[in-house]
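Novice: After the sequence you'll find the predicted model.
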Amino acid sequence: MNYLLSQLFRTFNWLAPATGLHLVIGVAGILFAAFPVIFSLAAYTFAIAVRAGVPFWPAILLALGLALLAGGFFALLFVRLSADSFLVFTFAALLAYDALLKSWTSVTGGTLGIAGIVRPEWLATDARLALAGGILAAVVLVAEYLILRGPAGRALHGLKENPVLLAASGVSPARTGSVVLLWAAFCLGVSGIFYLWYLQFLSPGFSDWHDLVVGLSIIFLALRPRVWAIVLATFVVTWLPELLRFLPLPTAVLGHLRVLIYLVLLIVLLLRHSARLPTQRAV
Amino acid sequence: MHFLQILLTSFVFGTQVMLLAVALHTTYAVSRIFQLAFGAVGTALAYAVWAGGQAGFGWFSNFILFLILAGGLAAAHFYLLEKVTVHHHTLIGTLLSFAFGMGLEALLAIIFGADGKQLTAETFAPWHFGELTLPFSGVLTLAFGGVLATGFVFILEYTQAGRQLRAVAENTALATGQGVQARRVRLIIFGVVTLLAGATGWLRAWDTLLTPNLGFNLITVAFIALVVGGPRARLSGTVAAAYLLTVVPDLTVSLTSGDLSTSWKPVLVFGLAAVLLLLRPNGIFTRTQRAV
């Protein structure tokens, strides 16, 4: 039962950031590779703040504030850089952040991380955690539904299809992209804190390349601008590797096999997505 | 003398990064895609050499195995990315290459395990240059690096193959119109660069332990070197950036007498890269045109 609740929580906790990223990458077409940074940054900020004696709610506000600040930084880069450069920079940011976490041992604990994170009382059991995750996911999904149906959703579509036409119709592509990045940063920050309460341990591997691959797999599987698409994609991607648990494989291999499955899935999805994109003259 | 020893040692790592950065630069030139998989490709080829040694192959048989696997990996990498290259879906191509590389690393971990392996059981005496000492693997790296880099520059500048490569890099459509088979040029480049990545992986594995993510650290710095040197600029910028980004952090950590631990090197690499990009956003040796 605990395993099911735990897995359910993981799925719900992926739904929140996946929804935000769905709007950024899937609907607006902004390829953003640094989302594990924001996810991890919120968790680290909360853990370090609590360890330093900051009370619970101010620590959460601090963590979310820093997540939004990071989102704002990436939004600024999105406005100033080309799409290629933005993707390259976000890749580099992920590398740099990983290096910083491992080097700044006095604050982050380095590769040993930070242990002994205590969950709030109202999330003491796995059932409550799963329920909280479900509520968070539901709220974010409702928000996505409303965004997609409204003028903001149309602006995001326009940003992907034709930013010039979007600008000509009086909607700023820069502001549209920036706002959606901030929204994704907020979703990532909240789910980062929840995931920290789930694991109760923090290390540089808390959110890294593997989460980048999982996140991109969910987004590219759910490219349709529909809420059901992102829900289905998240369930498929988070539950698919669990089938490996029923195979008689050594535990040392399981982790790598899980990563391999995600990567093969991502490659297939990227090739499928590329086949659907408008093509330029081929030489 | 201590300073020179550190400089020499960091030059060895810098040469390994430079070789991968040259690989990245060359493939970016013909495809406009950051081929992040080459780190893992180099690691895979190093594992092939190790496996051949474990199976009792002689050096010639091992070399043939190396060539066969390099050909296979080059073909797989090329055909995976050819369509997105041709249709200019460069961002998707970068993600594809990244996923291919990570997948290769995961496969290596499954097949060979995550523990470190010695590439060769043989030990070679270090070389002495006056008061400076360099392990044999370091000497080999510098020698290889010099030969490969010189060979690359010679091919690019003085041969027809190099002219075709530069034509495809500059303007694929025009080059094709002149009779250059762009697809064949890209395939050959992938093959040559895969061999280069394999040689780099082998040299790196000889220097340290062979692990599945051996190439990841190299490709990270090589990628940053390419961005700092200017992906669309001359190769010399990438080469200079590769050495700057390895030698300067090494010297900084070593000469600060324990104030900075070695774990800060990656942060110094990014910090230096950020400063260089601020000063020269288009590449180290690229000049901006007059603004009117």
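Specialist: Received it, and whenever you're ready, just let me know what you need.
Novice: all helices for the chain, in order.
Specialist: All of this refers to chain A. With DSSP state H as the criterion, chain A has helices at A:2-21, A:35-51, A:56-80, A:83-103, A:105-108, A:126-149, A:151-161, A:163-168, A:173-199, A:209-221, A:227-239, A:251-276.
Novice: sorry, should have said chain B
Specialist: Listed in chain order (using DSSP H), the helices of chain B are B:2-31, B:38-54, B:59-86, B:90-112, B:136-158, B:160-170, B:172-177, B:182-207, B:214-229, B:235-255, B:265-279.
Novice: check contacts around residue A:262.
Specialist: By C-beta atoms under 8 Å, 6 or more residues apart in numbering or on different chains, the contact set of residue A:262 is A:210, A:213, A:214, A:217, A:237, A:241. In short, each C-beta sits where N, CA and C put it, glycine included.
Novice: Let me have the residues you listed in JSON lines, extended by pLDDT.
Specialist: Below are the contacts of residue A:262 laid out as JSON lines (pLDDT from 0 to 100):
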{"residue": "A:210", "pLDDT": "86"}
{"residue": "A:213", "pLDDT": "89"}
{"residue": "A:214", "pLDDT": "90"}
{"residue": "A:217", "pLDDT": "90"}
{"residue": "A:237", "pLDDT": "90"}
{"residue": "A:241", "pLDDT": "82"}
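Novice: Looking at those, which one is closest to residue B:67?
Specialist: Checking the contacts of residue A:262 against residue B:67 by C-beta to C-beta gives residue A:213 as the nearest, at 31.0 Å.
Novice: Show me the shaky parts of chain B.
Specialist: Scanning chain B for pLDDT under 70 picks out the ranges B:1, B:121-122, B:257-260, B:287-292.
Novice: swap the cut-off to 50 and go again
Specialist: B:291-292 (pLDDT under 50).
Novice: from it, which residue is nearest to chain A?
Specialist: The nearest approach of chain B to chain A comes at residue B:266, 3.3 Å away (C-beta to the nearest C-beta).
Novice: Quick check: the gap between the closest residue to that residue other than its chain neighbours and residue B:251.
Specialist: Taking C-beta to C-beta, 6 or more residues apart in numbering or on different chains as the measure, residue B:266 lies nearest to residue A:99, with 3.3 Å between them; neighbours along the chain are not counted. From residue A:99 over to residue B:251 the distance is 18 Å, taken as C-beta to C-beta, to the nearest Å.
Novice: quick one: terminal-to-terminal distance for stretch A:109-124?
Specialist: Its first and final residues considered, stretch A:109-124 spans 25 Å by C-alpha to C-alpha, to the nearest Å.
Novice: If you average the pLDDT over that stretch, what comes out?
Specialist: Taken as a whole, stretch A:109-124 carries a mean pLDDT of 85.
Novice: for that stretch, which positions count as buried?
Specialist: Buried residues in stretch A:109-124, defined by neighbour count with 16 or more other C-beta atoms under 10 Å in any protein chain shown: A:109, A:110, A:113, A:114, A:117, A:123.
Novice: How about stretch A:73-91?
Specialist: Residues A:73, A:74, A:75, A:77, A:78, A:84, A:86, A:87, A:88, A:89, A:90, A:91 are the ones in stretch A:73-91 that count as buried (16+ other C-beta under 10 Å).
Novice: Next up, the contacts around the residue of the stretch 101-250 of chain A found nearest chain B.
Specialist: Of all residues in the stretch 101-250 of chain A, the one sitting closest to chain B is residue A:103 (4.4 Å; C-beta to the nearest C-beta). Taking C-beta under 8 Å, 6+ apart as the definition of contact, the neighbours of residue A:103 are A:110, B:261, B:263, B:264, B:266, B:267.
Novice: Number of residues surrounding the residue nearest to residue B:115 when sequence neighbours are not counted?
Specialist: Using C-beta to C-beta, 6+ apart and skipping the chain neighbours, the partner closest in space to residue B:115 is residue B:211 (7.6 Å). Residues lying near residue B:211 (other C-beta atoms under 10 Å in any protein chain shown) number 22.
Novice: Need the phi and psi values for residue B:35.
Specialist: In terms of degrees, to the nearest 10, the main-chain angles of residue B:35 are phi -90, psi 80.
Novice: my guess is residue B:247 meets residue B:8, correct?
Specialist: No: with contacts counted by C-beta atoms under 8 Å, residue B:247 stays clear of residue B:8, the gap being 10.1 Å.
Novice: ok, the residue in the stretch 151-283 of chain A positioned nearest to chain B to residue B:21 distance?
Specialist: Of all residues in the stretch 151-283 of chain A, residue A:263 sits closest to chain B, with a separation of 3.8 Å (C-beta to the nearest C-beta). Distance check for residue A:263 against residue B:21: by C-beta to C-beta, it reads 24 Å.
Novice: who's more crowded, the two?
Specialist: Counted by other C-beta under 10 Å, residue A:263 and residue B:21 do not tie: residue B:21 has more neighbours, with 32 against 23.
Novice: and stretch A:241-258, anywhere near chain B?
Specialist: Yes: remark: stretch A:241-258 sits within contact range of chain B at A:252, A:253, A:256, A:257, by C-beta under 8 Å from any C-beta of the partner chain.
Novice: neighbours around the closest residue to chain B within chain A, how many?
Specialist: Of all residues in chain A, the one sitting closest to chain B is residue A:99 (3.3 Å; C-beta to the nearest C-beta). The tally of other residues near residue A:99 (other C-beta under 10 Å) stands at 21.
Novice: Then residue A:174?
Specialist: Burial measure for residue A:174: 15 neighbouring residues, criterion other C-beta under 10 Å.
Novice: Same question for the one 10 residues further on.
Specialist: By the other C-beta under 10 Å criterion, the neighbourhood of residue A:184 contains 28 residues.
Novice: tell me which of the contacts of residue A:103 is nearest to residue B:233?
Specialist: For those, the residue nearest residue B:233 by C-beta to C-beta is residue B:266; the value is 24.3 Å.
Novice: if I pick that closest one, what's in contact with it?
Specialist: A:95, A:96, A:98, A:99, A:102, A:103, B:220.
Novice: Tell me the residues of the stretch 51-200 of chain B that contact chain A?
Specialist: Counting by C-beta under 8 Å from any C-beta, the stretch 51-200 of chain B sits next to chain A at B:80, B:83-84, B:86-92, B:94-96, B:98-100, B:102-103, B:106-107, B:109-110, B:113-114, B:172-173, B:176, B:182.
Novice: Quick check on the residues you listed: which are buried?
Specialist: For those, a neighbour count by 16+ other C-beta under 10 Å gives the buried set as B:80, B:83-84, B:86-92, B:94-96, B:98-100, B:102-103, B:106-107, B:109-110, B:172, B:176, B:182.
Novice: Pass me the low-pLDDT residue ranges in chain A, would you?
Specialist: Residues of chain A that meet the criterion pLDDT under 50 are absent altogether.
Novice: check contacts around the nearest residue to residue B:228 once chain neighbours are set aside.
Specialist: For residue B:228, ignoring the flanking residues on the chain, the nearest one in space by C-beta to C-beta, 6+ apart is residue B:241 at 4.2 Å. Contacts for residue B:241 (C-beta under 8 Å, 6+ apart) come out as B:21, B:224, B:225, B:226, B:228, B:229, B:276, B:284.
Novice: Verify the contact between the third one and residue B:238 for me.
Specialist: This means residue B:225. Yes: checked against C-beta under 8 Å, the pair residue B:225 and residue B:238 is within contact range at 5.9 Å.
Novice: that older thread, so the residue nearest to residue B:115 makes contact with residue B:119?
Specialist: No: using C-beta under 8 Å as the test, residue B:211 is too far from residue B:119 to be in contact (11.2 Å).
Novice: Between the two ends of stretch A:31-39, how far is it?
Specialist: Stretch A:31-39 has its terminal residues 17 Å apart, counting by C-alpha to C-alpha.
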